[in-house]
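>>> can't give you the sequence, but here's the structure:
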C-alpha cells in the first residue's frame, strides 16, 4: 500500500502562483508514475499532469501547459506541482495519484491522496 498526503493548497489571486506537494509513504517502490488530477465543483475529476520515476517523461493537460510544472524528488518520495499564472478556472480540489507501472491517467490510478483545495479569486 502507498499513502499519499498533499499539501500546499490555498487561496490566491488570479495570476498568482502556488506549489503543491505530495509525499508518499508505505510501499514507495510502487510509485513508478505519479501525477495530479483535479475536480471542480459539479465537474468530473480531470487529469492535470504526470511524471515517470526518473522525471524524464512528463505529460500535461492542454489547459495547464506552459503554466504548470510537475517534478519529483525520489529521495523524499515527493511529487510537486508548480502552478503559475493561475486562472479562475483552476479552482478545484487537487488530488495526487500514483500508478505502480505507468504514468497515471484517467482510469489507471492505483492510489489517491485525500486532496487539497486550490481557490483562485479575481
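Arrived safely, thanks for sending. Not measured: the values here are computed from a predicted model.
>>> who are the neighbours in contact with the residue most central in space within the chain?
Residue closest to the mean C-alpha point of the chain, counted by CA atoms, centre = their mean, is residue 36 at 2.4 Å. Contacts for residue 36 (CB atoms under 8 Å, 6 or more residues apart in numbering) come out as 20, 22, 48, 49, 50, 70, 79, 81, 94, 95, 96, 97. In short, each C-beta sits where N, CA and C put it, glycine included.
>>> Could you say which helix or strand holds it?
strand 33-39 (DSSP states H and E).
>>> Note down every partner strand of the next helix or strand after that strand and its orientation.
Next helix or strand after strand 33-39 toward the C-terminus (DSSP H and E): strand 46-51. When pairs are called by DSSP bridges, strand 46-51 turns out to pair with strand 33-39 (antiparallel), strand 58-60 (antiparallel).
>>> need those in a markdown table with mean pLDDT, can you?
Compiled in a markdown table, the strands paired with strand 46-51 are given as follows (pLDDT from 0 to 100):
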| stretch | mean pLDDT |
| --- | --- |
| strand 33-39 | 97 |
| strand 58-60 | 98 |
